[in-house]
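Q: Can you look at this prediction? I've put the sequence above it.
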Amino acid sequence: MTPDGILIVGGGIAGLATAAGLSRAGIPCEIVERAEAWAPVGAGIVLGVNAMKVLRSLAADAAAIAGGTRLGRGSITDHDGRPLATTDFAALEPEFGPTIGLHRAALHDVLRNVAPEVPVSLGTTVDALEPHEKYVEVRLSDGREGRYRLLIGADGLRSRIRQLLFGDERIRYSGYTCWRMVVSSPVDSVAMREMWGRGHRFGVVPIGDETVYCFAVANAPRGREDPPEERLERFRERFSGFGGQVPDLLRALAAPGDLIHNDLEEVRQGPWHDGRALLIGDAAHAMTPNMGQGAAMALEDAMVLVELIRDGVPDAEVPARLHARRATRVRWVQDQSRRIGRIGQLEGTLACRLRNTVLRLVPDALNARALRRMAEADV
Ligand SMILES: Cc1cc2nc3c(=O)[nH]c(=O)nc-3n(C[C@H](O)[C@H](O)[C@H](O)COP(=O)(O)OP(=O)(O)OC[C@H]3O[C@@H](n4cnc5c(N)ncnc54)[C@H](O)[C@@H]3O)c2cc1C
């Protein structure tokens with residue numbers, strides 16, 4: 001029996017980008033997605049220059065730019081909005097292209113529209129799988145059984161495929177928890193801002209149509225509940241020490257459901273594959289969002305994976321070749337992101353004062369270096 005093709009598990013950023021790339025290369029694939037329907041997902045997202053490079057390779061960059069906001073600069077400020085560090089995205093744009101902010105739902109739409117012909121089974125997952133030398137045998141939750149030349153686990157942080165392949169749990173809690181929201185804001189700005197307080201951070205990202213995406217981070221024990229009763233009051237109180245635009249944004253929240261809350265976690269998985277079954281994106285290497293690079297890494301995984309398959313690398317070698325190309329870069333970003341989080345979440349008065357002084361002294365050219373590294377490196 002000839003294997004059926006390529007199965008992608010998860011229709012998120014990594015899965016949709018892989019399907020888009022394969023389809024554009026004329027390589028058949030299909031997606032199974034656990035969600036029953038394509039519902040609007042999450043809040044906002046920042047796509048750095050390297051994420052935009054992948055969208056450009058899919059001819060999807062123009063649609064993403066049209067659906068969001070070109071960000072002119074990114075700043076870190078203190079809790080009151082006084083600048084500590086700035087990266088001038090606009091100045092770097094001629095060389096590296098734009099950095100944009102957009103709604104996650106818009107990004108999903110953009111990716112889905114690249115290859116609408118790819119078959120998608122919604123409300124479906126993988127119940128069982130077995131890697132063999134020449135194929136992966138799969139039983140789906142809708143009762144279908146199949147053999148695939150490659151099985152791509154793009155099913156996010158709590159990956160079922162990772163669990164089926166490797167069993168034990170690889171999730172690590174960062175020590176801080178996060179709320180996200182999209183709020184309408186008449187302030188016309190192209191600047192994204194992250195305000196650093198003591199043990200708390202508050203970020204504001206314009207995403208177009210007079211709306212901003214906000215994220216708010218606080219040190220907290222793992223798994224602390226945030227029930228809907230008085231959620232808004234607790235949230236406003238928790239972030240009441242922030243100045244600038246924040247008080248207005250806190251007032252603009254109308255219902256507990258406006259806040260998406262989750263602990264920030266990461267996945268340290270090695271290896272990412274067993275035979276022809278492999279993991280990409282958050283399933284393989286979820287990271288803290290402090291560098292705003294998780295989706296970018298997922299998109300880069302997708303691009304490299306498509307390139308390997310398209311260039312005729314034998315299927316059996318594809319998973320190991322992908323890992324060899326990606327692991328070092330991804331680990332660097334994970335580590336950097338963890339480090340930034342540790343500094344951003346400092347709590348002590350003296351430690352924060354020292355941190356802010358040091359940040360103020362760092363020349364902006366150094367801040368641009370990280371962006372340059374993300375843009376220039378061979379993925
Ligand atoms: C607070 C926060 C802010 C962030 N901000 C940024 C940012 O600004 N920029 C950036 O680049 N990254 C950011 N990230 C990271 C980014 O969100 C992730 O890295 C990215 O979503 C990973 O994409 P993915 O496709 O691997 O996983 P996901 O986006 O999680 O997609 C997984 C998909 O698989 C589906 N699925 C799950 N389980 C199954 C199953 N068993 N069977 C079938 N389907 C399944 C899910 O429904 C989903 O559609 C942020 C993350 C957080 C938590």
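A: Perfect, I can see it now.

Q: what's the burial count for the residue of the stretch 1-150 of the chain found nearest the ligand?
A: Of all residues in the stretch 1-150 of the chain, residue 12 sits closest to the ligand, at 1.9 Å by Cβ to the nearest ligand atom. For glycine as for every other residue, the C-beta is placed from the backbone atoms N, C-alpha and C. Other residues near residue 12 come to 24 when the count uses other Cβ atoms under 10 Å.

Q: contacting residues around it?
A: 108, 154-156, 281-282, 298 (Cβ atoms under 8 Å, 6 or more residues apart in numbering).

Q: make it 10 Å
A: Applying Cβ atoms under 10 Å, 6 or more residues apart in numbering, we find residue 12 in contact with 31, 33, 35, 41-42, 104, 107-108, 111, 154-156, 281-283, 295, 298.

Q: Could I have the PyMOL command that selects the buried members from those residues?
A: Selection of buried members from the contacts of residue 12 for PyMOL, criterion 16 or more other Cβ atoms under 10 Å:
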select buried, resi 31+33+104+107+108+111+154+155+156+281+282+283+295+298
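
Q: Filter the contacts of residue 12 down to the ones in helices?
A: Using DSSP state H, the members of those that fall in helices are 104, 107-108, 111, 282-283, 295, 298.

Q: Any idea how many residues pack against residue 315?
A: Residue 315 has 18 nearby residues by other Cβ under 10 Å.

Q: thought it was touching residue 152?
A: No - checked against Cβ atoms under 10 Å, the pair residue 315 and residue 152 is beyond contact range at 11.6 Å.

Q: Can you list the strands that the longest strand anywhere in the chain pairs with?
A: The single longest strand within the chain, with elements called by DSSP state E, is strand 171-184. If you go by DSSP bridges, strand 171-184 pairs up with strand 211-219 (antiparallel), strand 260-267 (antiparallel).

Q: if you average pLDDT over the longest one, what comes out?
A: For strand 211-219, the mean pLDDT works out to 97.

Q: Give me the distance from that strand to the chain's centre.
A: Centroid separation for strand 211-219 versus its chain: 15 Å, with Cα atoms, centre = their mean, to the nearest Å.

Q: any idea which helix or strand comes after that strand?
A: Using DSSP states H and E, the helix or strand that follows strand 211-219 in sequence is helix 231-238.

Q: so what's residue 106 up against?
A: Contacts of residue 106 by Cβ under 10 Å, 6+ apart are 40, 44-45, 63-64, 66-68, 207-208.

Q: give me that answer again for 8 Å
A: By Cβ under 8 Å, 6+ apart, the contact list for residue 106 reads 64, 67-68, 207.

Q: got it, and residue 103?
A: Here residue 103 is in contact with 40, 43-45, 67-68, 182, 207-208, 211, 213 (Cβ under 8 Å, 6+ apart).
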